[in-house]
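> need coordinates for the following:
(one chain, ligands or ions: 2)
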Amino acid sequence: MLSVGVNGYGTIGKRVADAVRVQPDMTVRGVAKTSPGHVADHATSIGYPLYAVSEDEIASFEAAGLDVAGTIRELVAKSDVIVDATPGGIGEQNHTLYEQLETPAVFQGAETPAVAETSFNARANYDEARDASYVRVVSCNTTGLSRLLAPLKEAYGIDAVRATLIRRGGDPDQPSRGPINDILPDPVTVPSHHGPDVRTIFPSLSIDTMGVTVPATLMHLHGVNVTLESTPDIEAVRDLLAKEPRIFVVPESARIEGCGALREFARDAGRPRGDIWENCIWDESISVSGSEFYCFQAIHQEADVVPENVDALRAMFNLKDAAESIATTDERLGVSFRQHSRASEQVFTERACDD
Ligand SMILES: NC(=O)C1=CN([C@@H]2O[C@H](COP(=O)(O)OP(=O)(O)OC[C@H]3O[C@@H](n4cnc5c(N)ncnc54)[C@H](OP(=O)(O)O)[C@@H]3O)[C@@H](O)[C@H]2O)C=CC1
Ligand SMILES: O=C(OP(=O)(O)O)[C@H](O)COP(=O)(O)O
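Ligands and ions are numbered 1, 2, ... in the order given. Next comes the predicted model:
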């Protein structure tokens, strides 16, 4: 059993801990945060040993009636590997501690690529993280783009990518980022940082991205145009995407018109926290004109990187190959929306008929 410590138990850290907990080959050694409150209460109620980031903070946890198992140094020393889900820039500072104690670590997307030996997306470059001590799971937007581009690149080749990323203003628990009533070019400079970040996964890819932030907390929405190297049949593209493990081609029949309805769909499906781990691509938006591919995809920013963190751990410790790891992660987590995809339903029906 791989013993995993989670340093930074916020939006991403708590979800990664819960995803690790349900895997057959890994366990949560403990979680660390800086302050008490309902999130810390929840961690201890699940049974995660709680660690303070520094000695000074132990008293405030104890004053809140929480047992503290130690400081982050002790958690790092006891764990086989750390998932660092601290706010951007803190991970880089923590790198020194991980190195001192010879504990490998997974970092998140707001850290610079230089924090790790490789940036990671399970579908696109799993093998590059094999035997690595430090791996960076790319941001939610970069993860969403990588999952879409990997199968298109393999099947048709990619000449160029242009994407406009309509970004949520903040997460639901971030009142400091709202309310706002605006539509912000964000960043106002072009291209946005997302294109270069995608190139940490696909080094030679021609990609330009633009970002806009809107007053919403639900999801990001991408409008994507890919110039392919060949001219595909539109039904073949639909089938290709619908078969991808972490892509949900949203069928027209589901009458899911926007991100709010997608989140409600996830809640109705009993997803923990209403999380959507998959890219959600509207079937009707998939268009092909010559070698130009277009689609709209929604990305749940709080959730899509979670299975990627689990796979990064398996790659670093050579526990499974990419396909096995993705399948195990998804089965244990319940990544199942693909089964609603129109095209994959057709495939399943055809297979059943063949049988
Ligand atoms: N939220 C998102 O949409 C996404 C975030 N990411 C990336 O994940 C990373 C974490 O983001 P997110 O989960 O949103 O952040 P949060 O602010 O939700 O959580 C950060 C956590 O780190 C803890 N923390 C703060 N300072 C320190 C410190 N010095 N040492 C250890 N822990 C500390 C906080 O503890 P406390 O609350 O007690 O202060 C909190 O538990 C970032 O790199 C981000 O870019 C990636 C994809 C999507
Ligand atoms: O969208 C995200 O990152 P990204 O825009 O850098 O891809 C993550 O959700 C984190 O976003 P934030 O940096 O606005 O908190």
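> okay, CA-based contacts and neighbour counts for the rest of this
Will do.
> and the closest residue to ligand 2 within the stretch 1-150 of the chain, what is it in contact with?
Taking C-alpha to the nearest ligand atom, ligand 2 has its nearest neighbour within the stretch 1-150 of the chain at residue 141, 4.0 Å off. Applying C-alpha atoms under 8 Å, 6 or more residues apart in numbering to residue 141 gives the contacts 165, 194, 220, 299, 301.
> how about the helix or strand containing it: buried residues?
Assigned by DSSP states H and E, residue 141 belongs to helix 140-156. By neighbour count on 16 or more other C-alpha atoms under 10 Å, the buried set for helix 140-156 is 140-153, 155-156.
> and ligand 1, is it touching that?
Yes - counting by C-alpha under 6 Å from any ligand atom, ligand 1 has neighbours in helix 140-156: residue 140.
> what comes up buried for the next helix-or-strand element following that helix?
Next in sequence after helix 140-156, counting helices and strands by DSSP H and E, comes strand 158-168. Using 16+ other C-alpha under 10 Å as the test for burial, strand 158-168 gives 158, 159, 161, 162, 163, 164, 165, 166, 167, 168.
> adding pLDDT and distance to ligand 1, write those residues out as JSON lines.
Putting the buried residues of strand 158-168 into JSON lines (pLDDT from 0 to 100; distance: C-alpha to the nearest ligand atom, whole Å) gives the following:
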{"residue": "158", "pLDDT": "98", "distance to ligand 1": "25"}
{"residue": "159", "pLDDT": "98", "distance to ligand 1": "27"}
{"residue": "161", "pLDDT": "98", "distance to ligand 1": "22"}
{"residue": "162", "pLDDT": "98", "distance to ligand 1": "21"}
{"residue": "163", "pLDDT": "98", "distance to ligand 1": "18"}
{"residue": "164", "pLDDT": "98", "distance to ligand 1": "17"}
{"residue": "165", "pLDDT": "98", "distance to ligand 1": "14"}
{"residue": "166", "pLDDT": "98", "distance to ligand 1": "13"}
{"residue": "167", "pLDDT": "98", "distance to ligand 1": "10"}
{"residue": "168", "pLDDT": "97", "distance to ligand 1": "9"}
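> which pair of these spans the longest distance?
159 and 168 (28.7 Å; C-alpha to C-alpha).
> helices and strands of the protein: which one bottoms out on pLDDT?
Taking mean pLDDT, DSSP states H and E as the measure, the chain has helix 342-354 as its least confident helix or strand, at a mean of 49.
> which helices and strands does the helix or strand encompassing residue 249 pack with?
In this assignment (DSSP H and E), residue 249 forms part of strand 247-250. When contacts are defined as 3 or more C-alpha pairs under 8 Å, 6 or more residues apart in numbering; DSSP states H and E, strand 247-250 packs onto helix 234-242, strand 279-282.
> now the closest residue to ligand 2 within the stretch 201-350 of the chain. Nearest residue, chain neighbours left out?
Going by C-alpha to the nearest ligand atom, ligand 2 is nearest to residue 301 of the stretch 201-350 of the chain, at 4.7 Å. Using C-alpha to C-alpha, 6 or more residues apart in numbering and skipping the chain neighbours, the partner closest in space to residue 301 is residue 140 (5.3 Å).
> please list all residues in contact with the one you found.
The neighbours of residue 140, taking C-alpha under 8 Å, 6+ apart as the test, are 109, 299, 300, 301, 302, 303, 304, 305.
> tell me how far the last one lies from residue 213.
In other words, residue 305. Distance, residue 305 to residue 213, by C-alpha to C-alpha, to the nearest Å: 20 Å.
> what's the answer for the first one, then?
The gap separating residue 109 from residue 213 is 18 Å, by C-alpha to C-alpha.
> do the same with the third one
Distance of residue 300 to residue 213, computed by C-alpha to C-alpha: 15 Å.
> of those two, who's got more company?
The neighbour count for residue 300 versus residue 213, taken as other C-alpha atoms under 10 Å, is higher for residue 300 (26 against 18).
> would you list the phi and psi of the more buried one?
When quoted as degrees, to the nearest 10, the phi and psi of residue 300 stand at phi -80, psi 110.
> state the number of residues packed around the closest residue to it other than its chain neighbours.
Computed as C-alpha to C-alpha, 6+ apart, the closest residue to residue 300 that is not its neighbour in sequence is residue 219, at 4.6 Å. Using other C-alpha under 10 Å, the number of residues around residue 219 comes to 24.
> distance check, residue 219 against ligand 1.
Distance of residue 219 to ligand 1, computed by C-alpha to the nearest ligand atom, to the nearest Å: 9 Å.
> who touches that residue in this structure?
By C-alpha under 8 Å, 6+ apart, the contact set of residue 219 is 167, 168, 259, 298, 299, 300, 301.
> quick one: the residue nearest the centre of the chain from residue 281, how far?
In the chain, the centroid-proximal residue (C-alpha atoms, centre = their mean) is residue 305; its distance is 1.1 Å. Distance, residue 305 to residue 281, using C-alpha to C-alpha: 17 Å.
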